[in-house]
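Peer 1: next input, structure requested:
(one chain, ligands or ions: 1)
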Amino acid sequence: MSWKPVDKISVLLENGSLAIPAPRQVSKSFFNHQIFFLQYPLQKDIFAWMKSKSIRKSTVSKDPQISSSIEPDRPILKTASKASAETVEPLATQDKSTTMVSPSTLRQDYSKGALRRSDLKKDPLAQFDVWFEEACACRAITEPNAMALSTANCDLVVTSRIVLLKGYTQKGFSFFTNITSLKGKQIVENPHVSLLFYWPPLERQIQISGTATLLPLATTERYFHSRPRDSQLAAYASFQSAVLPNRQTLEARMHSVQKKFKNQEIPLPDFWGGYLVAPNVIKFWQGRRNRLHDCFEYTKKEKNWIIERLNP
Ligand SMILES: Cc1cc2nc3c(=O)[nH]c(=O)nc-3n(C[C@H](O)[C@H](O)[C@H](O)COP(=O)(O)O)c2cc1C
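Peer 2: Here you go, the predicted structure:
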C-alpha cells in the first residue's frame, strides 16, 4: 500500500461506519519542533483494500455535504482539506470533527434480547447473579467484572473510573483499592457511590446506586494474599492517584519493594482496603430495536425491593 502525506479520504458505508485502514501518524522534526501529521492510503489502494476485504460499497450517505456526489453502488470518497504536512496540528489538538470517524455517524441497533417483567427475579441480587453468570459465559466479554465506579466529594465533584468487582453477596458488591487514592478520599467525604456494568456483546447494562463502607480487615487481608505476588508488591510501589514525576520512579520503587520483601510474606499495606457497596437502587437495561429498550428498576423500601419498569 502506498501512502500520501496529507489527503484525508474516508469511505462511508451504508451503516455509517468507515471502511478504511487506519491512518498512520508520522512525526518530523523541523528546527526544534516536532510536527505530527497523518498519512492516508492512496485512493486506488483503498479500492483494492475494500475488494480484498469483500466490503460492500455504499449507495446512501446521510452526510448532506457529500450526498449530492453519490453514484449508486460506489463508495463515497470524502476528501478534506489538503493542508500541507507542516500545517497539520498535533493529533491531540485536532478538532474531532475534522478527523475521519465522526461519532455522529456511529450507530448501532440492539436486537440481542428482551427483558420482560416475568423474567425478573424478585431479588435484584439474584437477577444480578443470572446476568453476571451470562456475562461470564460470553466469550466476547473479556472482563465481565470490570465496572465503572463513580464517587463524588462533599462539593459534589464527581469522578468515575473502572475497578474490578471481586465479590457479591446479599450485602452488596465489593472491590479493592488504595484507600488513600482519589476515590478513597471521596468515599470518606461522601459514601454515596454508583457502579455501572456495561456488556456490549449482550447489549446490557446494570446501574447500581449505594453506600460504600470498608470491608472487615480480615476479608481484605485474605483477598490481598490471594493476589499474585507482583500485584501485592505493586500495591506498595504505587502511590495511587498522586503525581508521579516519571516511569523510572515507579519502577525503582518496585525494585526496592521486591528487595525489601524478598523471600518473605508481603504484609497487607495499611493504605490498601476493600469496600462493600450496599445497594439501594439497581437498574437492569436490555437494548432493544429502535431505541425502545427494556429497563427495570429495583428500589429498596425498608427490607423489600419495589420493581418498576422505566422509560428507556
Ligand atoms: C480494567 C481495569 C481494572 C481496574 N481495576 C482496578 C481495581 O480493581 N482497583 C483499583 O484501585 N484500580 C483499578 N483500576 C485503575 C482505576 O481505573 C484507576 O485508574 C485507579 O484506581 C485510580 O483511580 P482514582 O485516582 O480515581 O482513585 C482498573 C483500571 C482498569 C482499566
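Peer 1: shaky segments in this protein?
Peer 2: In the predicted model of the chain, residues 1-47, 49-50, 53-99 satisfy pLDDT under 70.
Peer 1: could you export the helix or strand where C295 lies as CSV, CA atoms only?
Peer 2: If you go by DSSP states H and E, C295 is part of strand 294-301. Extracted as CSV, the C-alpha positions of strand 294-301 are listed here (Å, rounded to 0.1, in the frame of the first residue of the first chain):
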residue,chain,number,x,y,z
ASP,A,294,-36.3,-2.5,28.3
CYS,A,295,-35.4,-1.1,31.7
PHE,A,296,-36.4,-2.3,35.2
GLU,A,297,-35.5,-0.6,38.4
TYR,A,298,-35.4,-2.2,41.8
THR,A,299,-35.7,0.2,44.7
LYS,A,300,-35.2,-0.8,48.3
LYS,A,301,-38.0,0.2,50.6
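Peer 1: mind listing what's buried in that strand?
Peer 2: With burial defined by 16 or more other CB atoms under 10 Å, the residues of strand 294-301 counted as buried are 294-300. C-betas here are computed from N, CA, C, even on glycine.
Peer 1: turn those into a markdown table, columns for distance to the ligand.
Peer 2: Rendered in a markdown table, the data for these read as follows (distance: CB to the nearest ligand atom, whole Å):
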| residue | distance to the ligand |
| --- | --- |
| D294 | 27 |
| C295 | 25 |
| F296 | 27 |
| E297 | 26 |
| Y298 | 25 |
| T299 | 27 |
| K300 | 25 |
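Peer 1: so what's the residue count around P269?
Peer 2: 15 (other CB atoms under 10 Å).
Peer 1: quick check: it touching A235?
Peer 2: Yes: look at P269 against A235 with CB atoms under 8 Å: they come within range, at 5.5 Å.
Peer 1: any idea what sits nearest Y110, other than its immediate chain neighbours?
Peer 2: Spatially, and ignoring its direct neighbours in sequence, Y110 is nearest to G287 (2.7 Å; CB to CB, 6 or more residues apart in numbering).
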